[in-house]
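**Q** Turn this into a structure:
(chains A and B)
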Amino acid sequence: MDNKDLANLIFPNVKGYKYYEEKYPKRELPEGAQVMRYAPSPTGFVHIGGIYQSLIAKKLAKQTNGVFYVRIEDTDQKREIENASIQILQSLKDYDVYPDETINLDGTDNGNYGPYMQSKRKDIYQSYAKKLLEEGNAYPCFCSAEDLDKIRENQEKAKERTGYYGRWTKCRNMPVDMAIEKIKNGDPYIIRFKSPGNPDKKIRHKDVIKGSIEFPENDQDIVIIKSDGLPTYHFAHAIDDHLMGTTLVTRGDEWVASIPLHLQLFYVLGFKAPKYAHTAALMKQEGGSKRKLSKRKDPEAAVSYYKEEGIPKQAVLEYLMNIANSNFEIWRKQNPEKSMYDFDFDLKKMGVSGALFDMVKMLDVSKNVISRYSAEEVYEEAYKWAEEYDTELLEMLKNKEYSLKVLGIERGNVKPRKDIAKWSDVKDIIYYMYPEKFNKNEEFEYQKINDKSEIEKIIKLYFENYYNENDDKQTWFNKIKDLSEELGYAREVKEYKANPDAYKGHVGDVSTVIRIKITGKSNTPDLYEILQVLGKDEIMKRI
RNA sequence: GGCCCCUUGGUCAAGCGGUUAAGACAUCGCCCUUUCACGGCGGAGACAUGGGUUCGAUUCCCGUAGGGGUCACCA
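**A** Below you'll find the model as predicted:
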């Protein structure tokens, strides 16, 4: 009885690794092309970090004429959540970071290196596990959870490293005959990797982002096949990224500690290891310290949050790109019209430690993104958002022709208006332009001029003697100056400032009265345009 | 606790032995044909700390402190 018998006993019916090596030939790609991936596990709602990872991978793949694929890592059946993979894929589609290859929504594969879902690759993993078993690089382990606890206890007592390694292992050196007998006897077991590592030796690894890192060699005999026959992350990673031809692994930096293990796995399996780029997580301030953006605690961690708030996907993407490469915003300023895919992204420029996620900055990016939209685009997006989240706004927007005029005020100029950061802002910004939403009897808060009789005087005089809806802007403005003068206010702000005691106020104070009377608000876009859009009939109703 | 990584203004960050230590967001002031938004100009605001190495350290080395990650039949 030898390792071969043992391997055959454990995995009698697998296709064998040679079959898979032939089935998945090396990808034919141009020089320098990177094969990138995003490998989420379907364990909950879609995290903004997933979009971040996908954006980076997709951008780099595109930039090098490579491939971006998504592999669903669903080897932990206990944690799996119904429909999560569908939602992940859907989000990637929503954010324009959909992969070139992946499992389709209907379960078929799009690409030649599938299945792109790990639970469908059981035979593949087992074929390689069998190979390792035959070579003596893996072994069945019969230790129970209690045995493992015991080992840990002893290690803690002895103040030694915890884990299943070296002299602490019970099954590593079990004679083959005994293992075979136990298996035949029906004893439960899992398969462990027989690590060749020596922790007294160091390995040095060059991470694309983190640079050179040195660690002790791995000597942990980690489990590679669990009792349900599925692989652990580490084993699946080595097999999949080898077979799928990944050239550059981008993943969260919680994985750097596993590098010695992963490199060892690739080596023992006879695979060429990919390059690694470990990205720092998006962080959140809590008290005096930082922590990862958390699904549980932070609403902004969920991609659904941005949809609900009405933050355009382009803004989310640009903000994320800015976190990834901070020179992006400089580029964006110089190239306001270009697609962000024209930006030359560089992994090496990524920060090594986690950045605090800054919603204020995100909204600023969003303002800029929206300011580049045409009235038509603003209308379409706001409408789509309102359909789902705000019936009142939807009602207003139903009048398309009029709404386009409203949204077009001060839009498309050299210095476009930047007052909308998210679609949920729109209603508050434009409601007074809609007759049914405006209530003239409400108590408005006037500013400098707040005496009721003075206000009435201004309004009466203006609309009786000055206002003419056919005036052009300059005429209109001059008339307000004339009005101001007639009532004892300065025609020019400068005049007033030069000699404040000579006047009751200035033209700005007067126009503010008109503005508030007509809109109910002191902060509005250009009053002339507002009056034009509103029209004489509606204006007369408001005074 | 072991191992690994990180530390420039409130935040994101340039910088890679000699700089008046960029820029963006936020903040404050002024300006712009009247508010707000935009834009322009300006202000305040930083190299965690102690030792080295060096003619010279934000930059290189060591220690300290603080922060983060990781030590599962989870990924």
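**Q** Any idea how many residues pack against the residue nearest to A:P435 when sequence neighbours are not counted?
**A** Closest residue to A:P435 apart from its sequence neighbours, by C-beta to C-beta, 6 or more residues apart in numbering: A:E538 at 5.6 Å. To be clear about C-beta, it is placed using only N, CA and C from the backbone, and glycine gets the same treatment. Residues within reach of A:E538, counting by other C-beta atoms under 10 Å, total 15.
**Q** and what of A:I311?
**A** 25.
**Q** Next, count neighbours for the closest residue in space to it that isn't next to it in sequence.
**A** Leaving aside its sequence neighbours, A:I311 sits nearest to A:K422 (C-beta to C-beta, 6+ apart; 4.7 Å). Neighbour count for A:K422, taken as other C-beta under 10 Å: 20.
**Q** Just the pLDDT at A:K422, thanks.
**A** With respect to pLDDT, A:K422 scores 96.
**Q** That one against A:K313, yeah?
**A** No: A:K422 lies out of contact with A:K313 (C-beta atoms under 8 Å); the separation is 11.7 Å.
**Q** how many other residues sit next to the nearest residue to A:Y383 once chain neighbours are set aside?
**A** Excluding the flanking residues, the one nearest A:Y383 by C-beta to C-beta, 6+ apart is A:L397, at 5.0 Å. Neighbours of A:L397 under the rule other C-beta under 10 Å: 26.
**Q** A:L397 sits in which helix or strand?
**A** helix A:391-398 (DSSP states H and E).
**Q** Tell me the spacing between the residue nearest to A:P435 and A:T524.
**A** Per C-beta to C-beta, to the nearest Å, A:E538 is found 15 Å from A:T524.
**Q** who in the stretch 251-400 of chain A is up against RNA strand B?
**A** A:253-258, A:280-281, A:283, A:285, A:288-292, A:322-323, A:326, A:329-330, A:349, A:351-356, A:358, A:360-361, A:364, A:367 (C-beta under 7 Å from any atom of the strand).
**Q** Take these and keep only those in helices.
**A** Counting by DSSP state H, these place A:N322, A:I323, A:E329, A:I330, A:V360, A:K361, A:D364, A:K367 in helices.
**Q** Widest-spaced pair of these?
**A** The two members of those with the most space between them (C-beta to C-beta) are A:I330 and A:V360, at 19.3 Å.
**Q** more crowded one of these two?
**A** A:I330 (11 against 8).
**Q** in chain A, which segments are predicted with low confidence?
**A** Scanning chain A for pLDDT under 70 picks out A:288.
**Q** Would you map the strands across it?
**A** Under the criterion DSSP state E, chain A contains strands at A:35-38, A:67-70, A:102-103, A:109-110, A:138-141, A:190-193, A:202-207, A:211-216, A:223-225, A:248-252, A:275-279, A:283-286, A:289-292.
**Q** Next, count neighbours for the closest residue to A:Y503 other than its chain neighbours.
**A** Leaving aside its chain neighbours, A:Y503 sits nearest to A:A490 (4.3 Å; criterion: C-beta to C-beta, 6+ apart). A:A490: 24 surrounding residues under other C-beta under 10 Å.
**Q** Okay, A:A490 and RNA strand B: tell me how far apart.
**A** Per C-beta to the nearest atom of the strand, to the nearest Å, A:A490 is found 10 Å from RNA strand B.
**Q** show me the contacts for that residue.
**A** With contacts defined as C-beta atoms under 8 Å, 6 or more residues apart in numbering, the neighbours of A:A490 are A:S484, A:Y496, A:A502, A:Y503, A:G505, A:H506, A:V507.
**Q** Now for A:E156, how many residues are close by?
**A** Neighbours of A:E156 using other C-beta under 10 Å come to 11.
**Q** Quick one: neighbours of the closest residue to it other than its chain neighbours, just the number.
**A** Excluding the flanking residues, the one nearest A:E156 by C-beta to C-beta, 6+ apart is A:T162, at 6.8 Å. When neighbours are defined as other C-beta under 10 Å, A:T162 has 14 of them.
**Q** And for A:K437?
**A** With other C-beta under 10 Å as criterion, A:K437 counts 15.
**Q** Distance of it relative to A:I370?
**A** Counting by C-beta to C-beta - A:K437 and A:I370 are separated by 22 Å.
**Q** same question, A:S119
**A** Taking C-beta to C-beta, one finds A:S119 at 42 Å from A:I370.
**Q** With neighbour numbers in mind, choose between those two.
**A** It is A:I370, of A:S119 and A:I370, that has more neighbours when counted by other C-beta under 10 Å, with 27 against 15.
**Q** gap between the nearest residue to that one once chain neighbours are set aside and RNA strand B?
**A** Spatially, and ignoring its direct neighbours in sequence, A:I370 is nearest to A:I420 (4.9 Å; C-beta to C-beta, 6+ apart). Taking C-beta to the nearest atom of the strand as the criterion, A:I420 is separated from RNA strand B by 9 Å.
**Q** which ones are touching A:I420?
**A** Neighbour list for A:I420: A:K367, A:I370, A:S371, A:V378, A:V426, A:I429 [criterion: C-beta under 8 Å, 6+ apart].
**Q** and it, how far is that from A:E410?
**A** Remark: distance between A:I420 and A:E410 (C-beta to C-beta) = 11 Å.
**Q** A:L282 too?
**A** When C-beta to C-beta is applied, the distance between A:L282 and A:E410 equals 34 Å.
**Q** Then A:R332?
**A** In terms of C-beta to C-beta, A:R332 sits 22 Å off from A:E410.
**Q** Just give the number of residues close to A:I539.
**A** By other C-beta under 10 Å, the residues close to A:I539 number 17.
**Q** surely it meets A:K517?
**A** No: using C-beta under 8 Å as the test, A:I539 is too far from A:K517 to be in contact (9.5 Å).
**Q** what is in contact with these two at once?
**A** Going by C-beta under 8 Å, 6+ apart, no residue sits against A:I539 while also sitting against A:K517.
**Q** Any idea how many residues pack against A:V533?
**A** Neighbour number of A:V533 under other C-beta under 10 Å is 15.
**Q** who's in contact with it?
**A** So A:V533 contacts A:Y402, A:K405, A:V406, A:I409, A:M433 (C-beta under 8 Å, 6+ apart).
**Q** Give me the nearest residue to the second one, chain neighbours excluded.
**A** Spelled out, it's A:K405. Counting by C-beta to C-beta, 6+ apart, the residue nearest A:K405 is A:V533, at 4.9 Å.
**Q** Distance-wise, check that neighbour relative to A:Q474.
**A** Relative to A:Q474, and taking C-beta to C-beta, A:V533 is found at 18 Å.
**Q** Then A:K62?
**A** The value you get for A:K62 to A:Q474, if C-beta to C-beta is used, is 50 Å.
**Q** A:L60 too?
**A** A:L60 is 54 Å from A:Q474, by C-beta to C-beta.
**Q** out of the two, which sits in the more crowded spot?
**A** The neighbour comparison of A:L60 against A:Q474 (other C-beta under 10 Å) goes to A:L60, with 19 against 9.
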